[in-house]
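**Student:** Turn this into a structure:
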Amino acid sequence: MKLFFSFLLLLLCLASCAQDKEPILGETEFQREMNAEFKDATTSPLTKKDLKHFKGLEFFPVDSAYVVEANFKRTPDEKPFKMKTTTDRLPEYVKYGEVIFTLKGETYKLNIYQNQELITKEGFEDYLFLPFLDFTNGDTSYGGGRYVDARLPESDTIVIDFNKAYNPYCAYSDRYSCPLVPRVNYLKTKIEAGVKAFGEH
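**Tutor:** The predicted structure is shown next:
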């Protein structure tokens, strides 16, 4: 009988551990990495209240139409400027170039930026920042726009995957300071790819 109860206790412990170790949700590696970051209390931008009930971020369906090969045009004579944020913080950026691409038969242009402090850090020397606004903002996506990470291209083309578009941390908590998307980077179309708005929509 003692052996039976020990076995029962082991089964209950295994069941409890299995419940605690829920699988990381996501269709792609990018989605799984984001959900893992958000589930981990040490890296999550979520408030304690939201983290408690967090299962996974909501994403638009992955769509290859939103993976575009853009023409990359370097703009070498740009002067650094202070980019506005959601707080008084004014990080220094420079317009590094322009990306011109075709999406669903229409041609669009976005400015791509470089954070002057970030490029001094190891691993970010070739990092580029692509913030954008589109017609989904405030509806199915975050009202303040979204970001796409990029790296310096080795040629005059660059691949932009809008399926990897993500929200600034300000979409999850007001304790963060986030760059505001420059109005020049407003796409007059719906980018139904990447991370959706957080919460009830």
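**Student:** Any chance you could list what contacts the strand ranked longest in the chain?
**Tutor:** Longest strand in the chain, counting residues (DSSP state E): strand 92-103. If you take Cβ atoms under 8 Å, 6 or more residues apart in numbering as the criterion, strand 92-103 is touched by 65-66, 68-75, 78-83, 107-117, 128-130, 158, 160, 179, 189. Every residue, glycine included, has its C-beta placed from N, CA and C.
**Student:** For the next helix or strand after it, name the packing helices and strands.
**Tutor:** Toward the C-terminal end, the helix or strand that comes next after strand 92-103 (DSSP states H and E) is strand 106-115. Packing partners of strand 106-115 (3 or more Cβ pairs under 8 Å, 6 or more residues apart in numbering; DSSP states H and E): strand 92-103, strand 127-132.
**Student:** which residues of the protein fall in helices?
**Tutor:** Here the chain has its helices, by DSSP state H, at 2-20, 29-39, 48-52.
**Student:** which residues touch the second one?
**Tutor:** Translated: helix 29-39. With contacts defined as Cβ under 8 Å, 6+ apart, helix 29-39 is touched by 24-26, 43-46, 51, 54, 56-57, 59, 163-164, 166, 195.
**Student:** Mind doing that once more with 6 Å?
**Tutor:** Contacts to helix 29-39, defined as Cβ atoms under 6 Å, 6 or more residues apart in numbering, come from residues 24-26, 43-44, 56-57, 59, 164.
**Student:** Kindly report the same for the last one.
**Tutor:** Under the criterion Cβ under 6 Å, 6+ apart, residues Ser44 lie in contact with helix 48-52.
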